[in-house]
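Trainee: here is a sequence with its predicted model. Questions after.
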Protein chains: 2
Amino acid sequence: MPITHEIPVNLTGRSYKVTVGVDLLEQVGAAAAALTGSAGRGVIITDSTVRAIHADAVADSLTRAGCRCDVIEFPTGEEHKNLTTYGGVMDKLLSLDPPIDRKSVIVALGGGVVGDLAGFVAATALRGLPFINVPTTLLADVDAAVGGKTGLNAPAGKNLIGAFHQPGAVIIDAAVLKTLPAGEFGNGLAECVKHGVIRDDSLLDFIEGNIAKIMAADADTLAELIGRNVAIKAAVVSADERESSERAHLNFGHTIGHAVETAAGYGVVSHGQAVAVGMVAAFGIAEARSLIDSAAGRVRKILVALSLPVGFDDLPDLPAEARDPGRLREIMAHDKKTLGGVVRFILPVAPGSVAIFDDVTDEQIKAAIAAL
Amino acid sequence: MPITHEIPVNLTGRSYKVTVGVDLLEQVGAAAAALTGSAGRGVIITDSTVRAIHADAVADSLTRAGCRCDVIEFPTGEEHKNLTTYGGVMDKLLSLDPPIDRKSVIVALGGGVVGDLAGFVAATALRGLPFINVPTTLLADVDAAVGGKTGLNAPAGKNLIGAFHQPGAVIIDAAVLKTLPAGEFGNGLAECVKHGVIRDDSLLDFIEGNIAKIMAADADTLAELIGRNVAIKAAVVSADERESSERAHLNFGHTIGHAVETAAGYGVVSHGQAVAVGMVAAFGIAEARSLIDSAAGRVRKILVALSLPVGFDDLPDLPAEARDPGRLREIMAHDKKTLGGVVRFILPVAPGSVAIFDDVTDEQIKAAIAAL
């Protein structure tokens, strides 16, 4: 059970460790016991897909560590990340016998949907329970698993309901990614590219130099890739827990990306695909504003090598509405990051560096979308 | 618009002011503008009863202060403090046009149910909005409005879903209490007695000396009563935001009281009535353990003068199950404050002073309940 990276996340009054490596599921029990105390209790919240593959290993780990273990499952899919599913999971959690108490640990086992929903359950059951995030997708590994954002989708938009709730520990096992569908796997890579653009040009070098191993899901290569990405995300989140300036950089590619995802309807495009075209559009705006010159081409080439979309032609299932610049601009006005009607953009200004712009015009936004 | 008390509440990284006085509803707008900025926005969340009486005054105040104002209403009653109502209010909030943003202020206008539900909406909409609590019942004034607890009831028990979310301001208008039903008003007094027992014997003197004015809802007397109680609650909460030791003292009377409330079913006994008999039972346990000698009689006399119950005979609608010591003990095991099966009691040890006891036996608990 080799650990390759241990990344501390330091937040006001709370800090925790992200452990990255290969074959780490068996370490979840020890982490839970450290939070819940001896003869403690863990409740695994997972989806139906992940339960079938990984829940037994994690449950065994909890039992071996002396913890009582229950498993609560909900159906797989972004369409279940809503208040109805939350209510059902919460009812099951609060009806366990013997009842849970404030030292009971929630173990979120799954992708971003599981982490967000189980994290929100942990944030709001008994006004807050400790939780351990055990992400099982590359996207969740490098993005959702660090930062403390939990949440649900609402009819009016994605992630509009939620809370900040930091995990007690995050345990990332790169070996579990071998069971990940190719499409889902590729999507996580979009966030890796994003991290390279906003903070670390050498990460783009690493990706360029390891395309074949990455696409073959080589566990050691992925552990290295994940470790580097988590370190970037953790540094940004530690610097700015509440998303006022530093953390806003993580929204690079997400402003237009989220709008595309919302307009398409949940599940039509993945988060990573939406972010990929969102990044291309952001580069388009940056070029139109003469912020950069040649960087856009390199990033497009990397996205293509990673089988990620760089334009609407790469997303044939995308409905016309989700390609419409006017409609997408309207959706952006409803984004929770929009303050007083101003749509904030994160744009590249140099290799590994971005800045915040509050003065992007409607014309620039629509032109960049039209060029996709 | 006389302000009689301004009580600072100091919590890690956040502090706010509780303003108590007479005819203060017209000051809500200025408080909202201070939080949301110029040309800001306030959304009043209230119940159908309070909307009819007070919402116009608060809406006018917001408009005069330059804030856009919307009102969201839900049906009056503890039975609506649940996930279904929360989901409905949240959907309305997230569907407002133009959409709310992270500077939009939630104004909770109503009793404890409104404060808890609207506070939980504020805690979880867009992962956290500023909110102003404007309580309109004595119980909410002296108990729920300070402390940052928000929450919903679940089928498995009261307040099992929720979050800690501190208000930006609390504005308490003693004049609104003249419209309060006598029963509801008397219930709030139970918390005042509790505060006297746990921290301030002179508060019991004040109550004893002003029974007639209190029972006549004299606004100046109530403002003084509320101010003194808020100061006690604020001092306790500031000292211990996360309810580990100091704050646990506020649970005096609640351990058995909550169990009675749960066993009776929502709405059969009020919170204040349940706490009143819970306090009597706690005094019974304290006497059985020889912690105190004569104090119990004085507190019983005050409760009677305030038309509060001191035993099950005073609660004729209480079902047999809610008088059953064994059943109540079982419910206590499910309380979210119970850790590892140990039921924690707060017991009086001297005038204005209580302590925490983790070793109260099942026999002592059941005997005190049987004596009610």
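Mentor: Sure, I can see it.
Trainee: show me which residues of the stretch 151-300 of chain A sit near chain B.
Mentor: A:151, A:154, A:155, A:156, A:157, A:159, A:160, A:161, A:162, A:163, A:164 (C-beta under 8 Å from any C-beta of the partner chain). All C-beta atoms are positioned from the backbone trio N, CA, C, and that covers glycine.
Trainee: and the first one, how many neighbours does it have?
Mentor: So the one you mean is residue A:151. 26 (other C-beta atoms under 10 Å in any protein chain shown).
Trainee: pretty sure it sits in a strand.
Mentor: Yes. Assessed with DSSP: H, G, I helix; E, B strand; the rest coil, residue A:151 lies in a strand.
Trainee: tally of neighbours for the closest residue to it other than its chain neighbours?
Mentor: Counting by C-beta to C-beta, 6 or more residues apart in numbering or on different chains, residue A:151 lies nearest to residue A:162, which is 2.5 Å off, once chain neighbours are set aside. Neighbourhood size, residue A:162 [other C-beta under 10 Å]: 25.
Trainee: next, residue A:159: secondary structure please.
Mentor: Once three-state DSSP is applied, residue A:159 turns out strand.
Trainee: what about it, distance to residue A:224?
Mentor: 30 Å (C-beta to C-beta, to the nearest Å).
Trainee: also residue A:96?
Mentor: Taking C-beta to C-beta, one finds residue A:96 at 39 Å from residue A:224.
Trainee: okay, these two: which has more neighbours?
Mentor: Counted by other C-beta under 10 Å, residue A:96 and residue A:224 do not tie: residue A:224 has more neighbours, with 19 against 15.
Trainee: am I right that that one is in a helix?
Mentor: Yes. Counting by three-state DSSP, residue A:224 is found in a helix.
Trainee: neighbours of the nearest residue to it once chain neighbours are set aside, how many?
Mentor: Excluding the flanking residues, the one nearest residue A:224 by C-beta to C-beta, 6+ apart is residue A:4, at 6.8 Å. As a burial measure, residue A:4 scores 18 neighbours (other C-beta under 10 Å).
Trainee: which ones are touching residue A:4?
Mentor: A:20, A:21, A:22, A:174, A:220, A:223, A:224, A:227 (C-beta atoms under 8 Å, 6 or more residues apart in numbering or on different chains).
Trainee: at 6 Å instead, please
Mentor: Contacts for residue A:4 (C-beta atoms under 6 Å, 6 or more residues apart in numbering or on different chains) come out as A:20, A:21, A:223, A:227.
Trainee: assumed it was part of a strand.
Mentor: Yes. According to three-state DSSP, residue A:4 belongs to a strand.
Trainee: and the gap between it and residue A:196?
Mentor: From residue A:4 to residue A:196 the distance is 19 Å (C-beta to C-beta).
Trainee: list the contacts of the residue nearest the centre of chain A.
Mentor: For chain A, residue A:144 is the residue whose C-alpha lies nearest the centre (C-alpha atoms, centre = their mean; 2.7 Å). Counting by C-beta under 6 Å, 6+ apart, residue A:144 makes contact with A:112, A:115.
Trainee: need the phi and psi values for it.
Mentor: Backbone torsions of residue A:144, given as degrees, to the nearest 10, read phi -70, psi -20.
Trainee: ok, now how distant is it from residue B:71?
Mentor: For residue A:144, the distance to residue B:71 - C-beta to C-beta - is 36 Å.
Trainee: again, but for residue A:46
Mentor: Distance, residue A:46 to residue B:71, by C-beta to C-beta: 41 Å.
Trainee: those two: who's more crowded?
Mentor: Using other C-beta under 10 Å, the more surrounded residue of residue A:46 and residue B:71 is residue A:46, with 26 against 18.
Trainee: how about the more buried one, nearest residue that isn't a chain neighbour?
Mentor: residue A:109 (4.2 Å).
Trainee: cool, residue A:94 as well?
Mentor: residue B:156 (3.9 Å).
Trainee: count the neighbours of the one you found for me.
Mentor: 19.
Trainee: can you pull the pLDDT of it?
Mentor: The score at residue B:156 is 92. That number is its pLDDT.
Trainee: one more: the one 4 residues further on?
Mentor: The per-residue pLDDT reported for residue B:160 equals 96.
Trainee: any idea how far chain A is from it?
Mentor: In this view, residue B:160 and chain A are 5 Å apart by C-beta to the nearest C-beta, to the nearest Å.
Trainee: thought residue A:257 was touching residue A:278?
Mentor: Yes. Between residue A:257 and residue A:278 there is a contact under C-beta atoms under 6 Å: 2.8 Å.
Trainee: model confidence for the residue lying farthest from the centre of chain A, exactly?
Mentor: Outermost residue of chain A with respect to the C-alpha centroid, by C-alpha atoms, centre = their mean, is residue A:98; its distance is 33.3 Å. pLDDT, residue A:98: 90.
Trainee: and what about it, helix, strand or coil?
Mentor: coil.
Trainee: burial count for the residue nearest to residue A:37 when sequence neighbours are not counted?
Mentor: Excluding the flanking residues, the one nearest residue A:37 by C-beta to C-beta, 6+ apart is residue A:103, at 6.2 Å. By the measure other C-beta under 10 Å, the count of residues near residue A:103 is 15.
Trainee: residue A:103 contacts residue A:35, doesn't it?
Mentor: No. Look at residue A:103 against residue A:35 with C-beta under 6 Å: they stay out of range, at 7.8 Å.
Trainee: out of the contacts of residue A:4, the closest to residue B:273 would be?
Mentor: Ranked by distance to residue B:273 (C-beta to C-beta), the contacts of residue A:4 are led by residue A:20 at 54.8 Å.
Trainee: quick check, that closest one in a helix?
Mentor: No. With three-state DSSP as the criterion, residue A:20 is assigned strand and is not in a helix.
Trainee: how about it: what's its closest non-neighbour residue?
Mentor: Residue nearest to residue A:20 in three dimensions, not counting chain neighbours: residue A:5, with 4.1 Å by C-beta to C-beta, 6+ apart.
Trainee: what about the one you found, distance to chain B?
Mentor: 28 Å.
Trainee: number of residues surrounding that residue?
Mentor: 18.
Trainee: what of the one 10 residues further on?
Mentor: Burial of residue A:15 is recorded as 11 neighbouring residues (other C-beta under 10 Å).
Trainee: what pairs with it across the strands?
Mentor: residue A:10 (DSSP bridges).
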